[in-house]
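1. structure for the following, please:
(one chain, ligands or ions: 1)
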Amino acid sequence: MENIFLSDADYEQLAAQTQDLIGKIDNLPFPNVKDDVNDLLANFDMLHREALTRLFKEIIINYPALQTKMESDKAVHLLFSLYDLFHSDIQSELLSREEMVGGNGNDKYPRWIPVGNTHELKEDTAYKYAEEGEMVLICKTDGNVYAVKNCCGNTLLPLDGAVIDKGYLICPWHGCAYRLADGIMEANPMHKLKKFPLIIGDNGEIRLGLNM
Ligand code: FES
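-> This next block holds a predicted model:
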């Protein structure tokens, strides 16, 4: 990787200075200030640890070649090493969590996935979408877009081929109608289709929320 802002030597110097500054915290004259600063550093540590662990997990699962590249970059290597992420036991733990949950393990945390644009969708039409083991139908009716699980009620029967009529998604198997606005089955309000959250951007870009 190229050095974008600092040379490796500059980066090492910055890391050493940071270490010195952290050491000086112990000599702060006011105990309350010292405690607050330590709490602040602990919070930063947690924020970074959580985000970097998620990023690292994504890399070792989906982009293993990138891991080798990261290991050879001084600054990236130092950062990941500070959080012990290059340790093979941490990697095995992340991968075994992955095997336990199936799929690619991303269901451990929420994600917003781009799934197209509202302008590309036809009115009263349902589109199949699959991501992370979730089967989803993205439906447009009356100008609104909804995302629902592609499964009728408690069955495993897919809603492929369902038609949309006056805001209702009609199951192709036995004709159950689900109101897209809230997922409720018309004939039995106790039954609902699972809905997925969507974010629609200013230009119509659609993002599907998984694991919310
Ligand atoms: S499976 Fe959908 S109505 Fe029967």
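2. just after the longest helix seen in the chain, pick out the following helix or strand.
-> Determined from DSSP state H, the single longest helix within the chain is helix 31-62. Using DSSP states H and E, the helix or strand that follows helix 31-62 in sequence is helix 64-71.
3. count the residues that sit near Leu156.
-> The tally of other residues near Leu156 (other C-beta atoms under 10 Å) stands at 8. For the C-beta atoms, the positions are set from N, CA and C on the backbone; glycine is no exception.
4. hmm, I typed the wrong one, I wanted Ala181.
-> Look at Ala181: counted by other C-beta under 10 Å, it has 13 neighbours.
5. and if you look at Val33?
-> Per other C-beta under 10 Å, the neighbour tally for Val33 reads 11.
6. for the closest residue to Leu180 other than its chain neighbours, name its beta-bridge partners.
-> Ranked by C-beta to C-beta, 6 or more residues apart in numbering and with sequence neighbours excluded, the top spatial neighbour of Leu180 is Tyr146, at 4.5 Å. Here Tyr146 sits in beta bridges with Cys139, going by DSSP bridges.
7. pLDDT at Tyr146, what is it?
-> Tyr146 carries a pLDDT value of 96.
8. now the longest helix of the chain: mean pLDDT?
-> Here helix 31-62 scores 81 as its mean pLDDT.
9. quick one: it to helix 64-71, angle?
-> 140 degrees (axes from the mean of the first three to the mean of the last three C-alpha atoms, to 10 degrees).
10. please look at Gly201 and Val145 and confirm they touch.
-> No - Gly201 is beyond contact range of Val145, at 11.6 Å (criterion: C-beta atoms under 8 Å).
11. between these two, point out the one with more neighbours.
-> Taking other C-beta under 10 Å, Gly201 and Val145 do not tie; Val145 has more neighbours (19 against 11).
12. tell me, how many residues neighbour the nearest residue to the more buried one once chain neighbours are set aside?
-> Nearest residue to Val145 in three dimensions, chain neighbours excluded: Thr118, at 5.4 Å (C-beta to C-beta, 6+ apart). A count of nearby residues for Thr118, using other C-beta under 10 Å, gives 17.
13. got it, and Thr125?
-> Neighbourhood size, Thr125 [other C-beta under 10 Å]: 12.
14. the ligand versus the residue nearest to it when sequence neighbours are not counted, what's the distance?
-> Spatially, and ignoring its direct neighbours in sequence, Thr125 is nearest to Lys140 (6.0 Å; C-beta to C-beta, 6+ apart). Distance of Lys140 to the ligand, computed by C-beta to the nearest ligand atom, to the nearest Å: 21 Å.
15. I'd guessed Lys140 sits against His119; true?
-> No - judged on C-beta under 8 Å, Lys140 makes no contact with His119 at a distance of 10.1 Å.
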